[in-house]
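Peer 1: need the 3D shape of this:
(2 chains)
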Amino acid sequence: MKTVEELTSFYYSSLYKSLEKFEEKRKKLRFKIIFVLFIIFWNMAIVYFFFFYNKANSTDFLTFFLVAFFILSSFLFKYFKRDYRNEFKEKIIKPLIKELEPNLNYSANLHIQKKDFINSLLFEKPDKFNGNDFILGQIDSTKIQFSDVHAQKRYKDSKGRTKYLTLFQGLFIIADFNKNFQGRTIILPDFAQNAFGDFIGSWLQSKNQAREELVKMDNPDFEKEFVVYSNDQIEARYILSHSLMENLLKFKKKTKHDISISFVQNNIYLAINYDKDLFEPTVFKSLLNEEITKEYIDTLVLALSIVEQLKLNERLWSRKEPINS
Amino acid sequence: MTTTLILLAILVLILVLMYNSLVNKKNQVENIFASVDTQLKKRHDLIPNLIASVKQYMAHEKSLLESVTSLRTKSIKHNLDEREVISLDDKMSSALGSLMIAVEAYPELKANENIMQLQSSLNEVEEQIQASRRAYNQAVTDYNNALEMIPTNFIAKAMSYEKKSLFEIKESQKENINVKELFDN
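Peer 2: Below is the predicted model:
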């Protein structure tokens, strides 16, 4: 696997030419979008001022026009962007992934399966589930797959309107774990202990009905960052050895986002909460911008680094080969 | 009259809750101790096999092998209390640890697939024992806390509950035993 530096230099040397082409396309696209939206806005404004401005309920019409404009423009934005986005993923993101690790497969429009997401037990069952940028492969003896995921739950607000609440948006990773286990162990970010202090926080956690038994871990730093639930006190500690706890803490520090982890059916599930769609080309910012490049590369390297960081390839135990599911 | 009754009922309820939480903690300790025991038995089952496989090569380590065997004999006795089990486990872990280090000095052993496999099972059992020790320690800590903290300490005294001892977890054991590293040296 390549390092961040190697990948960055590959990005600027081999992909720079196509990147410059995309930058031209981006500018054209930006002009097109702004131009079309401006025309629509202008026409709507004229219609509004000519026919509705002096009416008694003019503010209602104004709201209507603004909402209509907003919906139409977001639809057009997606429509205009589609080809540009697909081509960008094919010509930039795909080669980047191949360079990072040749035996990884990339598919821009697929995502982690909904059933795998539900199997992780990390979140409630989503009503709306989509994603993209699916990556699947094997690093040494560890199978790994990840993708962008957006999972939402339907609910009715106080006025009875159907709305969607985001359960999770970010990177969802599934990898083969190096120890055998039967139970379910769930690790979530610790909000209660941070908000209410150790004593009340841990009492509140032990009363969480939606989860299984609370497992208190013997690493104070780990306890501060995470809360662990499991149906087996001993197995949870078998999985979470002292070294794994340390490594998860290090990983958490690197990601700078909330992470949830679960161990179910010999897999490790990792959900990194970015709250946005990743690996997307920008429209209003330059593609040559260093920060954007850095984000693509860092996210990719980070997702694959779990294999090394959590030592998933170290198979000292009876579990030698990944089990085909 | 009614207020006194209500107050009395509340008092009884609190006492019952405290009593139940103490019993709950005591049983949790016992449950987990039973699993520790199961794991220790698993290890005991591996030992005869291991000894038989290494004996012919390790003539110089006779005393070490003997001490492992005698520890095993001691620990499969039935009527051991928790303290004894804990101290025997401690001795056994360190004896097996030194045995594994001794194995390093024998190239024939390193190449033996049977022994490699035994070592890997032993490692797994060691990890599981380690996990159950930690679970046991947490259960005992919760139990001991209840014994010392107000207000459960009064009831615990009345029930004549006694504090329980913990497994000692050594710094060296916090690291995973890495067979590969042992062999690469």
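
Peer 1: give me the buried positions along the secondary structure element (helix or strand) that A:Asp148 belongs to.
Peer 2: According to DSSP states H and E, A:Asp148 maps onto strand A:142-156. Across strand A:142-156, burial judged by 16 or more other CB atoms under 10 Å in any protein chain shown covers A:Thr142, A:Lys143, A:Ile144, A:Gln145, A:Phe146, A:Ser147, A:Asp148, A:Val149, A:His150, A:Ala151, A:Gln152, A:Lys153. In this view, the C-beta of every residue, glycine as well, is placed from N, C-alpha and C.

Peer 1: just give me the closest of these to chain B.
Peer 2: A:Thr142 (16.4 Å; CB to the nearest CB).

Peer 1: I'd say that closest one and A:Leu312 touch.
Peer 2: Yes. Taking contacts as CB atoms under 8 Å, A:Thr142 lies within contact range of A:Leu312: 4.5 Å.

Peer 1: circling back: what strands flank the strand holding A:Asp148, and is each parallel or antiparallel?
Peer 2: Using DSSP bridges, the strands paired with strand A:142-156 are strand A:128-139 (antiparallel), strand A:162-176 (antiparallel).

Peer 1: okay, the buried residues of strand A:142-156 in JSON lines with pLDDT next?
Peer 2: Below are the buried residues of strand A:142-156 laid out as JSON lines (pLDDT from 0 to 100):
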{"residue": "A:Thr142", "pLDDT": "88"}
{"residue": "A:Lys143", "pLDDT": "91"}
{"residue": "A:Ile144", "pLDDT": "92"}
{"residue": "A:Gln145", "pLDDT": "94"}
{"residue": "A:Phe146", "pLDDT": "93"}
{"residue": "A:Ser147", "pLDDT": "94"}
{"residue": "A:Asp148", "pLDDT": "94"}
{"residue": "A:Val149", "pLDDT": "95"}
{"residue": "A:His150", "pLDDT": "95"}
{"residue": "A:Ala151", "pLDDT": "95"}
{"residue": "A:Gln152", "pLDDT": "94"}
{"residue": "A:Lys153", "pLDDT": "93"}
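
Peer 1: give the other helices and strands that the top helix by length along chain B contacts.
Peer 2: For chain B, the helix reaching the highest residue count under DSSP state H is reported as helix B:2-55. Contacts defined by 3 or more CB pairs under 8 Å, 6 or more residues apart in numbering or on different chains; DSSP states H and E place helix B:2-55 against helix A:233-239, helix B:62-75, helix B:82-103, helix B:113-148, helix B:152-158.

Peer 1: does the third one reach chain A?
Peer 2: No. Helix B:82-103 lies out of reach of chain A by CB under 8 Å from any CB of the partner chain, never closer than 12.5 Å.

Peer 1: follow-up on the earlier one: what is in contact with A:Thr142 and A:Leu312 at once?
Peer 2: Residues touching both A:Thr142 and A:Leu312 (CB atoms under 8 Å, 6 or more residues apart in numbering or on different chains) are A:Ala175, A:Asp176, A:Asn178.

Peer 1: what's the neighbour count on B:Asn112?
Peer 2: Counted with other CB atoms under 10 Å in any protein chain shown, residues neighbouring B:Asn112 total 17.

Peer 1: and the contacts of the worst-scoring helix or strand of chain A on mean pLDDT?
Peer 2: The helix or strand of chain A with the poorest confidence is helix A:192-206; it has a mean of 73 (mean pLDDT, DSSP states H and E). Here helix A:192-206 makes contact (CB under 8 Å, 6+ apart) with A:Asp190, A:Leu214, A:Lys216, A:Glu223, A:Lys224, A:Val227.

Peer 1: skip ahead from it and say which helix or strand is next.
Peer 2: Next helix or strand after helix A:192-206 toward the C-terminus (DSSP H and E): strand A:213-215.

Peer 1: return the distance of the very next helix or strand once past that next one from the chain's centre.
Peer 2: Toward the C-terminus, strand A:213-215 is succeeded by helix A:220-225 as the next helix or strand (DSSP H and E). Relative to the chain's own centre, helix A:220-225 is displaced by 24 Å; criterion: CA atoms, centre = their mean, to the nearest Å.

Peer 1: same check, this time on stretch B:100-118
Peer 2: 26 Å.

Peer 1: alright, calling it a day.
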